[in-house]
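Asks: Turn this into a model:
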Amino acid sequence: MDPTIEHPVINAEIETITFRNEDNGWSVVRIRLEDGQLTTATGVFPHLRIGETVSIKGEWTSHKVHGRQFKAISTQAYVPETSEAMIKYLSSGLVKGIGRKTAEKIVGHFKSKTLEILDNEPERLEEVPRIGKAKAATIAKSWSKSQQYREAELLLLSYDLSLGLTAKIIRAYQSKTLTIVKTQPYRLCNEISGIGFLTADKIARSAGISETSPERIEAATLYLIKQSEDKGHCFLYTKQLIEKLEELLKVDSTSLDESFLQVITNLNQAGKIVSQSIDDTSIHYRYDLLVAEETLSQKLSQLLASPMAVDEDRIDSWLDRYAKATNQSLSTDQLSAVKKAASSRVFVLTGGPGVGKTTTANAIIALLKAMNKTVALAAPTGRAAQRLTEVATVQAKTVHRLLEWTPQDNGFTRNEDNPLDCQVVVIDESSMLDIRLANALVQAVPERGQIIFIGDVDQLPSVGPGNVLRDLIDSCSVPFTRLMEIFRQAATSAIVSTAHKINSGHIPIFSSDNSCDCRFIETEGVSDTKSVIQELIGDILPNKSNYDPIRDVQILTPMNRGDLGTKQLNTELQQLLNPIDDQAMESTVDTTTYRSGDKVIQMANNYDLNVFNGDIGYIVNAGVDGGKIIVDFHGRQVRYRKEDAYDLKLAYAITIHKSQGSEFPVVVIPMSMQHYIMLQRNLIYTALTRAKKFAVFVGTKSALEHAIRNQKSLERQTYLINRIQSHL
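Replies: Residues are numbered from 1 along each chain as shown. Prediction:
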């Protein structure tokens, strides 16, 4: 809506609440206007209650199915004033023990003072005929609780929190919300996702907490260590932590020095962080992250210290027969990798595109099975597990499925006490493993088992903390093979050769030949880049190259935000590729309208629906059975209720991070200095290596050159290498 336009305001009474999403407050409500007419209002509302009077600012719209509606921009609610409105309000389910008849009795007895008495003299409910002492106490307690919720909501909203975050806080703390917000506000930034330190600090400072209070410094310390994990680090050094505290808290070092050591001592004693002395300095972890790093190194060391006896002559003989049977001649490095994998408790196979990693992995799996070993295959994401299944012709699972994740326990069934029922675990796309997931996986390997990590160490590291695959290799303690030779067939691909040039830090020279499978289209700015992308998607790729613009083509962009981010691109590409059809059903979730034929991505694991973070599907039907959305994932149709669909997003464009473990026939990669903060070598390398048949960069070469020169994401602070070495 245009903020320069003066929008109308309507006054109405809430009749019914048809739908409400508790995560973000988006609701559909039936309202009665001042002239008695019933209509529908939609939008983001605070918790409304039947019978309340509301002033809603917004605009009238026309929905093709539901007709005329009022779309809200902002809403102000007032307590009901008329007797009928108060009866509806009290009997709406708001107060335990009050139905329609009881509400009529209470309002009939106290008239216009009903709500005032409930607030200030609830014991007077006993005056109402047929309401005994016990029921009066139940009603009073329920009323007080509901008012606390409302007071907590209004307090949080006064700090400019979104309705979604407000609802999340109240859902987490329930009746304790007001108390926690007023007396322990810093808990919010460490316990509620989406709440940063500055927001919690704003609440705390308004409550009178001083800028140098230990409580404030403790909260900031925990927040900064957690924030460093979001950047891939496992710990912070003391010097880093003090510098970041000074910047965050806006206090001088003298004031901080007086409290810092005591704060660190308190946090260690409380078990919230663990500090260790390393090389004449201290490093500070969150407790669970140190445990993950330490126990992972211990289990790896135990496996590495346990020798394996293999018959090398029999393996050589089998490899000869395998080469003849498959008509594949393995290179010297590939043969070495297969032999190492068969004879090592822990082994890493790495290499870039076109070097025969898949061929080698298949030979390893075949040999292990020929040795009568039970082999379990897995990958961090559903897409990667599906690809592994296709290339290995053996069923693969996600790591979470393999380890039997149980949401109710927030943990894995398979662990050191209940190891996996197999002898060898093979993990593909291992660069995606963060320290926590890698630890959980390795702990579940049987005591006399094997684990084989496969992945491209030069791709993006895990989203979570740690740099596990690189650390395993750099430890010089884990047997590994890095395949380097580009095979003849792959060498003809410009995708492969360009990827290797980028990975080595060289600026590639792109061919102008239209038949080349890797191109760069240079543009003058963001607007020009978007125009070229739309032309590629809407005309050139489907009409001249016969690619399906929805199913074959994937736009991979560095960020969600900005003109070339996923949000904006998806809105525009949906309009281009799957525009509004007045005859078709739609379903609106939050602010996104979904239509049949839309390409969508699942943004979080949903074990009930058996869909996982990163799964891409296509909408078969939208708006059926009261708004349900049916999505096809690789031939399996999943029915989303409205509340499940908040984890869906349009996927004409996705972030490069979300593409990890996936392959697409065609990849289009916008390149703009607008994404300066995210541009780095392994990000671009990862995007390019997602393409199977054709890849095209669209944008400025300065952005590409900047990315190739930037390798900051490799600089992750972990101590895994040292821990592995110290245990051997």
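Asks: Which residues does stretch 167-178 contact?
Replies: Applying CB atoms under 8 Å, 6 or more residues apart in numbering, the set of residues contacting stretch 167-178 from outside is 22-25, 145, 148-149, 151-153, 155-156, 161, 180-181, 188, 191-195. To be clear about C-beta, it is placed using only N, CA and C from the backbone, and glycine gets the same treatment.
Asks: And stretch 262-275, by the same measure?
Replies: Here stretch 262-275 makes contact (CB under 8 Å, 6+ apart) with 214, 217-218, 221-222, 225, 282-287, 290.
Asks: can you tell me the distance between the two ends of that stretch?
Replies: Length of stretch 262-275, first residue to last, CA to CA, to the nearest Å: 13 Å.
Asks: Ok, stretch 442-460 next?
Replies: 21 Å.
Asks: For it, give the mean pLDDT please.
Replies: If you average the pLDDT over stretch 442-460, you get 95.
Asks: gap between the host helix or strand of residue 173 and the chain center?
Replies: Element membership of residue 173 [criterion: DSSP states H and E] is helix 163-173. Taking CA atoms, centre = their mean, to the nearest Å, one finds helix 163-173 lying 19 Å from the centre of the chain it belongs to.
Asks: what mean pLDDT does the very next helix or strand once past that helix have?
Replies: Sequence-wise, the next helix or strand downstream of helix 163-173 (DSSP H and E) is helix 177-183. The average pLDDT within helix 177-183 is 89.
Asks: Check stretch 687-696 too.
Replies: The average of the pLDDT scores along stretch 687-696 is 95.
Asks: repeat for stretch 261-274
Replies: 93.
Asks: How about stretch 601-611?
Replies: Mean pLDDT, stretch 601-611: 83.
Asks: List the buried residues of it.
Replies: Buried residues in stretch 601-611, counted by 16 or more other CB atoms under 10 Å: 601-603, 605-606, 609, 611.
Asks: Contacts only, for the nearest residue to residue 50 once chain neighbours are set aside.
Replies: With sequence-adjacent residues excluded and distances taken as CB to CB, 6 or more residues apart in numbering, residue 50 is closest to residue 92, at 3.7 Å. Shown in contact with residue 92 (CB under 8 Å, 6+ apart): 49-51.
Asks: Now pLDDT too, for the residues you listed, in CSV please.
Replies: Shown next, in CSV, are the contacts of residue 92 (pLDDT from 0 to 100):
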residue, pLDDT
49, 81
50, 84
51, 84
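Asks: Using PyMOL, define a selection of the buried residues within those.
Replies: Remark: buried members of these, expressed as a PyMOL selection using 16+ other CB under 10 Å:
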select buried, resi 49+50+51
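Asks: List just the nearest of the contacts of residue 92 to residue 430.
Replies: Comparing the contacts of residue 92 against residue 430 with CB to CB picks out residue 49 as the nearest, at 52.1 Å.
Asks: doesn't residue 91 make contact with that closest one?
Replies: No: at 10.6 Å, residue 49 does not count as touching residue 91 under the criterion of CB atoms under 8 Å.
Asks: what are the ranges of the strands in the stretch 101-250 of the chain?
Replies: 236-237 (DSSP state E, counting those that start in this stretch).
Asks: At which residues are the helices of it located?
Replies: 114-120, 133-157, 163-173, 177-183, 187-191, 197-206, 214-230, 238-249 (DSSP state H, counting those that start in this stretch).
Asks: mean pLDDT for those helices: which is lowest?
Replies: helix 163-173 (a mean of 80).
Asks: what is the orientation angle of that one with helix 133-157?
Replies: 140 degrees (axes from the mean of the first three to the mean of the last three CA atoms, to 10 degrees).
Asks: Can you give me the end-to-end span of stretch 628-638?
Replies: 10 Å.
Asks: In the stretch 1-150 of the chain, where is pLDDT below threshold?
Replies: Low-confidence segments of the stretch 1-150 of the chain, defined by pLDDT under 70: 1-5, 22-24.
Asks: From the contacts of residue 92, pick the one nearest residue 445.
Replies: Nearest to residue 445 among these, counting by CB to CB, is residue 49 at 54.5 Å.
Asks: Within the helices and strands, which one has residue 654?
Replies: strand 653-655.
Asks: Over to residue 521?
Replies: Assigned by DSSP H and E, residue 521 falls within strand 518-522.
Asks: need the contact list for the residue in the chain sticking out farthest from the centre.
Replies: In the chain, the residue that sits farthest from the middle, by CA atoms, centre = their mean, is residue 129; the gap is 55.1 Å. By CB under 8 Å, 6+ apart, the residues touching residue 129 are 105, 109.
Asks: measure it to residue 88 for me?
Replies: 21 Å (CB to CB, to the nearest Å).
Asks: same question, residue 274
Replies: Separation of residue 274 from residue 88 (CB to CB): 55 Å.
Asks: more neighbours, these two?
Replies: residue 88 (22 against 18; other CB atoms under 10 Å).
Asks: Shouldn't the more buried one be within a strand?
Replies: No: per DSSP: H, G, I helix; E, B strand; the rest coil, residue 88 lies outside any strand segment and is helix.
Asks: Is it in contact with residue 80, as I believe?
Replies: Yes: using CB under 8 Å, residue 88 makes contact with residue 80 at a distance of 7.3 Å.
Asks: shared neighbours, those two?
Replies: residue 51.
Asks: Quick check: neighbours of the strand holding residue 654 in the sheet, parallel or antiparallel?
Replies: Partners of strand 653-655 in the sheet, by DSSP bridges, are strand 553-557 (parallel).
Asks: ok, and what's touching the partner strand?
Replies: With contacts defined as CB under 8 Å, 6+ apart, strand 553-557 is touched by 533, 536-537, 541, 547, 564-566, 569, 573, 652-656, 659, 664-670, 675, 687, 690.
Asks: Tell me how far that strand lies from the chain's centre.
Replies: Computed by CA atoms, centre = their mean, the chain-centroid distance of strand 553-557 equals 18 Å.
Asks: With stretch 336-344 instead?
Replies: The answer for stretch 336-344 is 36 Å, by CA atoms, centre = their mean.
Asks: For that stretch, which outside residues touch it?
Replies: With contact meaning CB under 8 Å, 6+ apart, stretch 336-344 is reached by 308, 310, 312, 315, 319, 330, 347, 349, 360, 363-364, 367-368, 371, 450, 452, 479-481, 483.
Asks: So which of the residues you listed belong to helices?
Replies: Here DSSP state H is the test, and the contacts of stretch 336-344 give 312, 315, 319, 360, 363-364, 367-368 as lying in helices.
Asks: low-confidence ranges in the stretch 451-600 of the chain?
Replies: Using pLDDT under 70, the stretch 451-600 of the chain drops low at 488, 490, 582-583.
Asks: show me where it has strands.
Replies: Going by DSSP E, counting those that start in this stretch, the stretch 451-600 of the chain shows strands at 480-483, 518-522, 553-557, 586-589, 592-595, 599-602.
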